[in-house]
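**Student:** next input, structure requested:
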Amino acid sequence: MVFVEKEKFGQLIRLTGERWQHIVERHPEVKEHLLKIRSTIQKPDLIVQNQYNQVERYYHKYFKSLKNYLIVIIEYKKNFIITAFISRKIKRGEQLWKKP
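**Tutor:** You can find the predicted model right below:
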């Protein structure tokens, strides 16, 4: 287990070693940003429901140092991180929460 973190709605979200390996293989740009991934889960700027898969939620947080959003995709029914990546664009879907 890499970490377990409480998210905005109080669920405990897991990042397993297997998922972390998968993430850094497919998105090596996030390898040095594990603390930012935790921060995105704890204090997101925006949470969006995947419009095609109701169990997936996109957690967005803008980081000035990245000049982009860090997006963490969570499988919300099983409470684990699917992937994380850096993007200029917000993912589409139903907005579940937005930072005031």
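
**Student:** name the residue closest to the centre of this protein, please.
**Tutor:** With the centre of the chain defined as its mean C-alpha position, the nearest residue by C-alpha atoms, centre = their mean is residue 72, 1.5 Å away.

**Student:** for it, what is the enclosing helix or strand?
**Tutor:** Residue 72 belongs to strand 68-75 when assigned by DSSP states H and E.

**Student:** over to residue 62?
**Tutor:** Short version: residue 62 belongs to strand 56-63, going by DSSP H and E.

**Student:** list the contacts of that strand.
**Tutor:** Strand 56-63 is contacted by residues 7-8, 36, 39-41, 43-50, 68-76, 82, 90-91, 93, 96 when judged by C-beta atoms under 8 Å, 6 or more residues apart in numbering. For every residue, glycine as well, the C-beta is placed using N, CA and C.

**Student:** centre of the chain to it, how far?
**Tutor:** In this view, strand 56-63 has its centroid 5 Å away from the chain centroid, taken as C-alpha atoms, centre = their mean, to the nearest Å.

**Student:** just the mean pLDDT for that strand, thanks.
**Tutor:** Confidence for strand 56-63, expressed as mean pLDDT, is 98.

**Student:** so for it, what gets flagged as buried?
**Tutor:** By neighbour count on 16 or more other C-beta atoms under 10 Å, the buried set for strand 56-63 is 56, 57, 58, 59, 60, 61.

**Student:** follow-up on the earlier one: of the contacts of strand 56-63, buried ones?
**Tutor:** Counted by 16+ other C-beta under 10 Å, those give 7-8, 36, 39-41, 44-50, 69-76, 82, 91, 93, 96 as buried.

**Student:** in TSV: the buried residues of strand 56-63, plus distance to residue 24.
**Tutor:** Formatted as TSV, these follow (distance: C-beta to C-beta, whole Å):
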residue	distance to residue 24
56	20
57	21
58	19
59	18
60	20
61	19
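
**Student:** which two in the residues you listed are spaced the farthest apart?
**Tutor:** 56 and 61 (17.0 Å; C-beta to C-beta).
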